[in-house]
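**Q** Just need the structure, nothing else, for what follows:
(2 chains)
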Amino acid sequence: MLQIVSLLVENKPGALMRITGLLSQRGYNIESLTVARTLDPQVSRMTIVVDVDAAVRQQVIKQMNKLVNVLQAVDLTDSPAVRREMVLVRVRTAQETRTAVLKEAEIFGARVVVSSTEGYALEATGDPEKLDEFIDVMHSYGEIETTRSGVVAVSLETKKLKLQPPVQQVGQASWPVLP
Amino acid sequence: MPNLMNGAKMLLECLAREGVDCFFGYPGGVTLPLYDAIYDHHIRHVLVRHEENACFAAEGYARATGKVGVCCATSGPGATNLVTGLVDAMMDSIPIVALTGQVTSKLIGSDAFQEADTFGITRSCTKHNYLVKKLEDLPQIVHEAFYIAASGRPGPVLVDIPKDVFQAQGHYAPVTSIHLPGYKVYTEGHTGQIRRAVQMMSEAERPFIYAGGGIVAANASAELRELVELLDAPAVTTLMGLGGLPSNHPNFVSMPGMHGSYAANMGMTHCDVLIALGVRFDDRVTGRLAAFAPNAKVIHVDIDPAEIGKNRTPDVPIVGDVKRVLGRMNSELGRTGLLACPTAARQAWWSQIRAWKAEHPLVPVTSDSEIKPQHLMMEIDRLSAGEAIVCSDVGQHQMWAAQLIRFYGPRLWINSGGLGAMGFGLPSAIGAQFARPDKLVFALVGDGGFQMSIPELSTIASHGLPIKIVVMNNGYLGMVRQWQELFYNNRLSSVELDCFPDAEKLAGAYGFKGRTIDKPWELASALEEAVREPGPYLLNVKVSPYENVYPMVPAGGAINEMVLAPPQPVAVPE
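**A** Numbers count the residues shown, from 1 in each chain, chains lettered A, B, ... in the order given. Below you'll find the predicted structure:
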């Protein structure tokens, strides 16, 4: 099944590698992955869609949370959240179908980004299933080329971000008790 | 400026602050500045003969003390040679910090001489890793590395340091705090769950304690013992947990799992409450998961939340430091007592456990004509009397040792459990002997693993380490041969290790004593002679080549479906 994981990640070198590496190491397939800065430039938000057995969903979150650079990992699969994706479609159209393509685009709420004699570049957002349909419809008009962004999601619940306080002892004193 | 120093010196200052007294390594081009700084520093550097062994030695040091072990290697091949040791430390949750040199910053990515992507390569074999980009970050990173290695579930941390960072001059200001906002360490355990667990265990008719490496890592042996006695429950310790409960404790049932004892595996299978402490339900312990402790309610205490429910869903999950959680359980138990304890049922359970023990005990096999491997273990056990450090390699000898040698305390049994890395025994003994110069240390190795780490004889000789190297020599890669015999029609493919060197000459070449024996009546006195020798000693013990480790749970089988003895007379190949 597809699991949507939302991560807050420190912008540290190798952070992305740690996350993708962990997923492949544990045998989870990445369906899509997006990453960009948050309001705090030191922190990035990632939305990852992974293809896993329902039984290991919790394990995915726990393993993510173990990474030192991950501040928070949340499963948004079943919780109230908005999930959207964007697709850019370049569609070649003959003169006689241009209007029809535009009409269809309008039905899907897509925007024309570039219009040329060859055809259009269209931009659509929505949930992934709707975009699948949009792509199918556009394909029926001829050759197309698409680029999808992957899902981005935002939770509708406030998830309290629990950060660890600094450790004031440094050196051997900071270790757990020795025998 | 009094605090002006280069990065190499700064690194050593940080190590000193972490209480590092010695570390294990091998120099190279990019670590030259570091080795120049070591030249007149009080921290001792132990030169090994291969970087992999530096990592194993650091592990031996850490396993013997609980302190963070440190190893060091140069860039490229030096760093890649550490990988096996890092994975080993990761699997067994051993706190080590690996320091690697890296090519000068501006050459990174140019395929420079001895360049390797150490940071990328070691991502999956460390708990965390760092590439130091500038000198100002170095002290902070080093202290973070030690903190991460030692806290929570311990593990290996690697710090990759470019040559120019070692060389750069800067003002050293000691770090005063560490801030890792995303690094969570759970310690206390949930109060409500601890109460539920205590109630569940005191009401149990057939309680069974399954304690693992977490007990040793958390230094929780005393707390474990207290729980075992308060509850008067039978207890097993896993391969990683041996010594966590003294082997001579009346409640100790030995080791469970693939080569565990009959009583341990039957106890696990038939208990009604399984108290799992610092364990990860490893496949070598559980056998077929669906058939593991099928009727038991499970209480699982572990410091790593990801271990809870990974393989077996517990009825009472407790995330916390097993030392603290056990302390709280014990005081709760002490307060409530075993009010609801079903006494008659408990007595019947103990009779059953004793009956299983008596039915199929772990009997040391002996012979008049040849040395049986089990006989060797019993003789080591006699000389150790539960007190020596035994650093084992991987294979049949490891299993026999785990079955038959007693350990009266933690941190005496040192072995590569999760990874099963051959070549571990000898170098880990070096680390253990440096950490515990007061202790009798055995490097108990097979003829296969020994030959993987033979270069370290030179390190041992160079430092005059009084390690007793005992080679259980059956002329085969014994465990692989056993599986070929049992599951591949005895087609012995590439497992015979002929041309083993003459032990006396080999040890003699390094300037210490060695001897080969093959008669059972020589065994006791030869081992005694080895132990009496003030320096190193290499004892090559030729044992019967076709002995198999039993009991054995075939891979994928349920642990109560043990093969207790050879199914048929052992076929000896032409």
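**Q** tally of neighbours for residue 35?
**A** Because you didn't say which chain, this covers chain A. Applying other Cβ atoms under 10 Å in any protein chain shown, we find 17 residues neighbouring A:Val35. The C-beta positions use only the backbone N, C-alpha and C, and glycine is treated the same way.
**Q** please go with chain B instead
**A** Neighbour tally, B:Tyr35, other Cβ under 10 Å: 19.
**Q** Without its sequence neighbours, what residue ends up closest to it?
**A** Nearest residue to B:Tyr35, sequence neighbours excluded (Cβ to Cβ, 6 or more residues apart in numbering or on different chains): B:Pro27, at 4.5 Å.
**Q** And for the one you found, the neighbour number?
**A** Using other Cβ under 10 Å: B:Pro27 sits among 18 other residues.
**Q** which residues does it contact?
**A** B:Leu34, B:Tyr35, B:Leu47, B:Thr74 (Cβ atoms under 8 Å, 6 or more residues apart in numbering or on different chains).
**Q** In PyMOL, select just the buried ones from these.
**A** Entered in PyMOL, the line below selects the buried ones among those, by 16 or more other Cβ atoms under 10 Å in any protein chain shown:
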select buried, chain B and resi 34+35+74
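**Q** quick one on the thing from earlier: does the residue nearest to B:Tyr35 sit in a helix, a strand or a coil?
**A** Under DSSP: H, G, I helix; E, B strand; the rest coil, the three-state class of B:Pro27 is coil.
**Q** quick one: it and B:Gln352, what's the gap?
**A** 59 Å (Cβ to Cβ, to the nearest Å).
**Q** Kindly report the same for B:Leu239.
**A** Counting by Cβ to Cβ, the gap from B:Leu239 to B:Gln352 is 24 Å.
**Q** is it true that B:Ala429 touches B:Ile467?
**A** Yes - B:Ala429 lies in contact with B:Ile467 (Cβ atoms under 8 Å); the separation is 4.9 Å.
**Q** Looking at the two, which one has more neighbours?
**A** Higher neighbour count among B:Ala429 and B:Ile467: B:Ala429, with 33 against 27, using other Cβ under 10 Å.
**Q** pLDDT for the contacts of B:Pro27 - can I get that in CSV?
**A** Shown next, in CSV, are the contacts of B:Pro27 (pLDDT from 0 to 100):
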residue, pLDDT
B:Leu34, 98
B:Tyr35, 98
B:Leu47, 98
B:Thr74, 98
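**Q** from the contacts of B:Pro27, which single one is nearest A:Gly109?
**A** B:Thr74 (59.0 Å; Cβ to Cβ).
**Q** Read off the pLDDT value for the closest residue to the closest one other than its chain neighbours.
**A** Residue nearest to B:Thr74 in three dimensions, not counting chain neighbours: B:Gly28, with 2.4 Å by Cβ to Cβ, 6+ apart. Looking at B:Gly28, its pLDDT stands at 97.
**Q** contacting residues for B:Gly28?
**A** B:Gly28 neighbours (Cβ under 8 Å, 6+ apart): B:Ala73, B:Thr74, B:Ser75, B:Gly76, B:Gly78, B:Gly101, B:Gln114.
**Q** which phi and psi does it have?
**A** phi -170, psi -180 (degrees, to the nearest 10).
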